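Participant: predicted model and sequence below, questions to follow.
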Amino acid sequence: MKISSLQDLLLDQLQDLYDAENQLVKALPKMAKAALSSELRQAFEHHLHQTQGHVERLERVFEKLGSKAKRKTCQAMKGLVEEGEELVNAKPDANVLDAGLIGAAQKVEHYEMAGYGTVQTWARQLGQEEVARLLQQTLAEEEQTDEKLTQIAEDMVNLQAVGAASR
Ligand SMILES: [Fe+2]
């Protein structure tokens, strides 16, 4: 697609995000399966559910913009997912596996937050308030997920500190 206007650029980046979300729908069940702590597994499962919602929300966005929902391979998400898989395949010790999974997932969330922040701004500039509102909803859920992951990581650090103190 030739990109000659902000509207074209918006559609191009929405296709990228649409592909990224679809990649995540496949990757999150694997991450949930790999997670050792039940809290982390549940967080991944909850986010899988949200991510399916993000795919549907993007379909509504395309519809509102009078365009077909189309995927354009998101190379960045491909790389992030591959790095997560590499980590799992390297079979790290049980005490650090979850920490690695959280790190991989937070990179994904920050990538998505940057993407949604950008398209939301462009939608607003184009006067597409309803589209901007939908994109904002997803952005808020990505931010909540990122915060939840930080909280799980901090809980793990605290638990280890307690364990070390009682040894
Ligand atoms: Fe998402």
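Facilitator: That came through, no problem.

Participant: any idea how many residues pack against the residue nearest to residue 59 when sequence neighbours are not counted?
Facilitator: In this structure, residue 59 finds its nearest non-sequential neighbour in residue 69, 4.7 Å apart by C-beta to C-beta, 6 or more residues apart in numbering. Any C-beta I mention is one placed from the backbone N, CA and C, and that applies to glycine too. By the criterion of other C-beta atoms under 10 Å, residue 69 has 15 neighbours.

Participant: distance of residue 68 from residue 155?
Facilitator: Distance of residue 68 to residue 155, given as C-beta to C-beta, to the nearest Å: 43 Å.

Participant: between those two, who's got more neighbours?
Facilitator: residue 155 (13 against 10).

Participant: apart from its neighbours in sequence, what residue is nearest that one?
Facilitator: Per C-beta to C-beta, 6+ apart, closest to residue 155 is residue 39, 7.3 Å.

Participant: surely that neighbour touches residue 152?
Facilitator: Yes. Here residue 39 reaches residue 152: they are 5.7 Å apart, a contact under C-beta atoms under 8 Å.

Participant: which of those two has more residues huddled nearby?
Facilitator: Neighbour count, other C-beta under 10 Å: between residue 39 and residue 152, residue 152 has more, with 21 against 13.

Participant: that one: which element?
Facilitator: Element membership for residue 152 (DSSP states H and E) is helix 129-166.

Participant: get me the contact residues on this structure for the ion.
Facilitator: 51, 54 (C-beta under 5 Å from the ion).

Participant: what residue is smack in the middle of the chain?
Facilitator: Taking C-alpha atoms, centre = their mean, the centroid of the chain lies closest to residue 109, which sits 4.0 Å from it.

Participant: for residue 138, see how far away that residue is.
Facilitator: Residue 109 is 11 Å from residue 138, by C-beta to C-beta.

Participant: again with residue 68
Facilitator: Taking C-beta to C-beta, one finds residue 68 at 19 Å from residue 138.

Participant: and the next helix or strand past the host helix or strand of residue 46?
Facilitator: For residue 46, the host element (DSSP H and E) is helix 38-64. For helix 38-64, the following helix or strand on the C-terminal side (DSSP H and E) is helix 75-89.
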